[in-house]
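In: Give me coordinates for this.
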Amino acid sequence: MFSFLAKKAPPAPGIITAHINSQPITVDAKETLLQAALRQGIDFPHSCRVGGCATCKCRLIEGKVKELTDSGYLLSDDELDQGYILACQSVPQTDVRIEVDLSRQPPQRSVTGRVVGQDRLTGDITRLRVQLDEALPYRAGQFASISIAALPGINRTYSFATPVQPDSQVSFLVRKVSGGIFSTLINEQGVVGQPVQVEGPLGDFWLRPAAAPLLLVAGGSGLAPLLAILHEAVAAGETRPATLLFGARTESDLYALEEISDLARHWQGMFRFIPVLSAAAADAPWTGERGLVTEKIPALIEPDTHAYLCGPPAMIDSAVALLRRHGVARENIHADRFTTLHDSLAAAA
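Out: Numbering: from 1, shown residues only. Sure, this is the predicted structure:
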């Protein structure tokens with residue numbers, strides 16, 4: 001008589017197992033830990049999904065992951081030493097085990113509203129004004145997920161461009177992205193009157209209390225959360241010295257100049273605004289700063305500077321490296337990477 005021991009079927013090619021607090025899930029090829037966890041019903045703490053907020057940080061106990069972006073400016077040295085990673089930017093290369101505090105998922109609300117205004121600011125940036133049906137509390141600097149009736153099933157994330165208003169009206173700066181369905185609609189077609197849904201708040205990009213000098217650096221539509229932060233700070237009577245660096249390609253790409261001038265007039269301490277053009281023609285009448293906005297950072301750093309950065313990933317990475325090189329502590333650098341869906345798909349690929 002012979003006995004046979006049943007063999008367990010081998011896992012399908014390309015399928016990896018991740019244990020999240022001992023709960024096993026499968027991770028498809030090129031899928032991040034966060035994508036896999038959410039797909040399988042785990043309420044994993046998350047916010048931006050593009051490596052800009054650290055809400056999804058978790059500790060890698062075992063295994064290897066490929067990190068799609070540098071998380072060094074979001075995680076402390078101690079956290080990095082302990083093996084912390086960002087789930088939204090980590091693609092497992094082997095079976096992995098991670099630990100995460102699942103109670104950290106911040107409360108969010110979904111509020112309906114209606115588009116009440118579209119204001120063209122530049123050739124590719126439109127201010128979208130939305131009247132909410134009820135209040136949505138958030139901190140200046142945070143962002144939200146937005147969907148519009150004209151594009152059912154599609155949502156995109158944008159930063160609030162103003163702090164909370166008494167009338168519950170919010171606004172977002174939408175930059176047209178090549179091939180972007182949502183941004184093209186907002187920039188090229190009339191949507192006033194369209195029903196919208198706003199879900200949030202999301203992210204942990206907001207002004208931390210301190211007396212240290214502020215260095216705020218924005219690129220393109222990355223000015224939105226910084227405007228909200230500055231408005232809120234003015235209302236609170238902020239007195240710390242502040243410098244706002246704003247990078248654009250040409251003079252026609254600069255916007256919100258009157259709004260910034262008004263902020264400067266009402267700021268209780270020293271306030272400097274430095275616009276920088278990276279692609280102005282040599283014979284253009286521009287007399288201000290030229291070059292990359294990040295090139296201006298070293299001359300503006302003070303020993304105890306606190307930096308707030310918002311813009312495309314390349315700008316953020318360069319700015320963080322410069323700040324760290326010039327002695328700014330990691331915990332005093334706060335960044336919000338404006339990553340498009342196209343950027344995320346390209347990084348995953």
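In: Under a three-state scheme, what state does the residue lying closest to residue 101 once chain neighbours are set aside occupy?
Out: For residue 101, ignoring the flanking residues on the chain, the nearest one in space by CB to CB, 6 or more residues apart in numbering is residue 45 at 7.2 Å. Every C-beta, even on glycine, is put in place using the N, C-alpha and C of the backbone. Secondary structure assignment for residue 45 (DSSP: H, G, I helix; E, B strand; the rest coil): coil.
In: So, low pLDDT: which residues of this protein?
Out: Counting by pLDDT under 70, the chain has low-confidence residues at 1-14, 48, 52, 73, 104-106, 339-349.
In: Spell out the residue ranges of the helices in it.
Out: Taking DSSP state H as the test, the helices found in the chain are 33-39, 77-81, 181-188, 223-235, 257-266, 313-325, 341-348.
In: returning to that earlier point: the residue nearest to residue 101 contacts residue 55, correct?
Out: Yes - when contacts are counted by CB atoms under 8 Å, residue 45 is listed as touching residue 55 (5.3 Å).
In: ok, those two, which is more surrounded?
Out: Shown here are residue 45 and residue 55; by other CB atoms under 10 Å, residue 55 has more neighbours (22 against 19).
In: The more buried one reaches residue 204, doesn't it?
Out: Yes - between residue 55 and residue 204 there is a contact under CB under 8 Å: 6.4 Å.
In: Show me whatever sits in contact with both of those two.
Out: With contacts taken as CB atoms under 8 Å, 6 or more residues apart in numbering, residue 55 and residue 204 have residue 47 as neighbours in common.
In: Can you give me the buried ones in stretch 306-313?
Out: Using 16 or more other CB atoms under 10 Å as the test for burial, stretch 306-313 gives 306, 307, 308, 309, 310, 311, 312, 313.
In: is the fourth one in a bridge, and if so with what?
Out: The one in question is residue 309. Beta bridges link residue 309 to residue 217, residue 335 when assigned by DSSP bridges.
In: Now do the end-to-end distance for stretch 300-312.
Out: Using CA to CA, to the nearest Å, one end of stretch 300-312 lies 21 Å from the other.
In: Can you name the residues in contact with stretch 59-76?
Out: Residues contacting stretch 59-76 (CB under 8 Å, 6+ apart): 18, 32-33, 51-54, 57, 80, 82-86, 89-100, 313, 316-317, 320, 324, 330-331, 333, 335, 337, 347-348.
In: redo that, cut-off 6 Å
Out: By CB atoms under 6 Å, 6 or more residues apart in numbering, the list of residues contacting stretch 59-76 from outside reads 51, 54, 83-86, 89-99, 320, 333, 335, 347.
In: Among those, name the buried ones.
Out: 51, 54, 84-86, 89-92, 95-98, 320, 333, 335, 347.
In: Sort out for me which of those are in strands.
Out: The strands, defined by DSSP state E, take in 84, 85, 86, 90, 91, 92, 96, 97, 98, 333, 335 from those.
In: Show me which pair in those is furthest apart.
Out: Taking CB to CB as the measure, those span a maximum distance of 30.1 Å, between 97 and 333.
In: For stretch 144-151, which outside residues touch it?
Out: By CB under 6 Å, 6+ apart, the list of residues contacting stretch 144-151 reads 155, 156, 157, 158, 194, 195, 196, 197, 198, 199, 200.
In: Quick check: chain neighbours aside, which residue is closest to the second one?
Out: If you skip the residues right next to it in sequence, residue 156 has residue 182 as its closest partner in space, 4.5 Å away by CB to CB, 6+ apart.
In: Could you give the number of residues near that neighbour?
Out: Here the count is done by other CB under 10 Å, and residue 182 has 20 residues near it.
In: quick one, strands of the stretch 51-200 of the chain?
Out: Secondary structure of the stretch 51-200 of the chain (DSSP state E, counting those that start in this stretch): strands at 57-62, 65-67, 84-86, 90-92, 96-99, 109-120, 125-132, 143-148, 155-159, 169-175, 195-202.
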